[in-house]
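**Student:** I'd like to go over a predicted model; first the sequence, then the structure.
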Amino acid sequence: MARQHFLTLPDHLRTPVVAAVGVGDRIPSIPVFKTSAAFLTSLGANLRISDTYDDYYPSPISTPSLRASRHDSLLPPPSPFAFALSTAMSASNNAPDDHDDLPNEPIDPLADVPELSTFHATSRNDRVAGLKLVADSVAQQRQMASRVLIAHPLNLAVFAVVLAIVAKLVQGSRGWPLVVTTWAGVSMGGLALVRWMTSGYINLAEETQWLEWLGDDTIIVSKWGDEIIGACVVEWVSGDGNGKGNRRKKSMRAQIRAWTVRLKYRGKGIGTGLLEDAVEMVNKKGGDGLDFAYDHAHSDRILKEFYNKPFDRRDQRAYTALQKVTSEKGHFGRRR
């Protein structure tokens, strides 16, 4: 037969175990192959039940105190594993952060922002991109003209009269549902009329986007990253302003044929930068002045004269901006 090994509990563990299980004051030997003394110590601690309130101490994880319903005693304290877990969590919270030893290098918030540059476009791709930007700005005038037609007081009054006449003619036969439907049809017809009246700006844009329109004129562009966001077309004319071809060195002026910035970048000083670069170019070449050409790309008017006040105010703001730049940066007539 195989030989059995017996292990007797120590004296300080017998009483708690006996009190817990109610077996007597001696525990028979337990046959085992190999038993850990640490396991028995943990078992004895878990089976100990306190008889008085003073012997109980709360759990470190804020376990609420509960009393037994029948014997008026408290629940046993938590397992030693709870103490080990609490100690490990406390140690991890108090441990120094590994990242504290790293040097605090300053982060540049503009590291990923593309560079904005303004230069004279010489390559075909840059010239075509600047010319397309000018054509887009010409086509955008259609939206402005449409808003003018829709919001003009005279047009609103005429539209209200038409709706009233329609309501009077239709209401008596079939009631308000037919009136509302007819009003919707009249509104759609009015929008179609506005679209037709402003379609001329699309034709102007198509004429502007060809390189023949640009010719040999200088085009200054603002480039943000890989995108052309601003363009200014400058031509040289004779001093009396009679056009190209009569270029006398003693009297030459520069004129701006187009000046625009992409819609979402307007109001950020990019247009002013284009004008400053144009003035600097005229200064270097000894030109006698710089102003807007009479027939610049945005000078054509498709609507009647009394609809063009917003366009005239826009041109006036452009003239004012150019005068401000020329008064601050311009040194015309001084050839270098």
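**Tutor:** Perfect, thanks for sending it.

**Student:** tell me the contacts of Gly175?
**Tutor:** Listed by CB atoms under 8 Å, 6 or more residues apart in numbering, the contact set of Gly175 is empty. Every C-beta, even on glycine, is put in place using the N, C-alpha and C of the backbone.

**Student:** against Ser238, how distant is it?
**Tutor:** 72 Å (CB to CB, to the nearest Å).

**Student:** equivalent analysis for Arg257, please.
**Tutor:** Counting by CB to CB, the gap from Arg257 to Ser238 is 16 Å.

**Student:** of these two, which one has the most company?
**Tutor:** Between Arg257 and Ser238, counted using other CB atoms under 10 Å, Arg257 has the larger neighbour count: 23 against 17.

**Student:** dihedrals phi and psi, Ala254?
**Tutor:** phi -110, psi 140 (degrees, to the nearest 10).

**Student:** partner residues bridging it?
**Tutor:** Trp236, Leu290 (DSSP bridges).

**Student:** tell me the spacing between it and Lys329.
**Tutor:** Following CB to CB, the distance that separates Ala254 from Lys329 is 13 Å.

**Student:** who has more neighbours, those two?
**Tutor:** Set side by side, Ala254 and Lys329 show more neighbours around Ala254, with 22 against 16, by other CB under 10 Å.

**Student:** touching, the more buried one and Ser238? I think so.
**Tutor:** No - using CB atoms under 8 Å, Ala254 is not in contact with Ser238; the gap is 11.4 Å.

**Student:** can you show me the strands along the stretch 151-300 of the chain?
**Tutor:** Here the stretch 151-300 of the chain has its strands, by DSSP state E, counting those that start in this stretch, at 218-224, 227-238, 252-261, 290-292.

**Student:** mean pLDDT and distance to Glu115 added to the ones you listed, as CSV?
**Tutor:** What follows is these, written out as CSV (pLDDT from 0 to 100; distance: least, CB to CB, whole Å):
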stretch, mean pLDDT, distance to Glu115
strand 218-224, 94, 8
strand 227-238, 92, 12
strand 252-261, 93, 17
strand 290-292, 93, 27
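
**Student:** right, and the ones you listed - which one's nearest Ser123?
**Tutor:** Nearest to Ser123 among the strands of the stretch 151-300 of the chain is strand 218-224; the distance by CB to CB comes to 10.3 Å.

**Student:** so which elements touch the closest one?
**Tutor:** Applying 3 or more CB pairs under 8 Å, 6 or more residues apart in numbering; DSSP states H and E, one finds that strand 218-224 contacts strand 116-120, helix 124-151, strand 227-238, helix 270-285.

**Student:** got JSON lines for the strands of the stretch 151-300 of the chain, with distance to Ser199 too?
**Tutor:** Formatted as JSON lines, these follow (distance: least, CB to CB, whole Å):
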{"stretch": "strand 218-224", "distance to Ser199": "27"}
{"stretch": "strand 227-238", "distance to Ser199": "24"}
{"stretch": "strand 252-261", "distance to Ser199": "21"}
{"stretch": "strand 290-292", "distance to Ser199": "26"}
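
**Student:** closest one to Ala157 among those strands?
**Tutor:** strand 252-261 (34.5 Å).

**Student:** got the domain ranges for the protein?
**Tutor:** 1-59+78-85, 116-121+207-329, 136-206 (automatic domain parsing).

**Student:** worst average pLDDT in the ones you listed?
**Tutor:** Among those, domain 1-59+78-85 carries the lowest mean pLDDT, a mean of 48.

**Student:** Tyr201 touches Ile302, doesn't it?
**Tutor:** Yes - in this structure, Tyr201 is within contact of Ile302 by CB under 8 Å, at 6.0 Å.

**Student:** these two: which has the busier surroundings?
**Tutor:** Shown here are Tyr201 and Ile302; by other CB under 10 Å, Tyr201 has more neighbours (21 against 17).

**Student:** and the more buried one, what does it touch?
**Tutor:** Counted by CB under 8 Å, 6+ apart, Tyr201 has contacts Val138, Ala139, Gln141, Arg142, Ala145, Ile302.

**Student:** got it, and Glu227?
**Tutor:** Counted by CB under 8 Å, 6+ apart, Glu227 has contacts Arg262.

**Student:** and it, how far from Gly330?
**Tutor:** In terms of CB to CB, Glu227 sits 30 Å off from Gly330.

**Student:** perfect, I'm done here.
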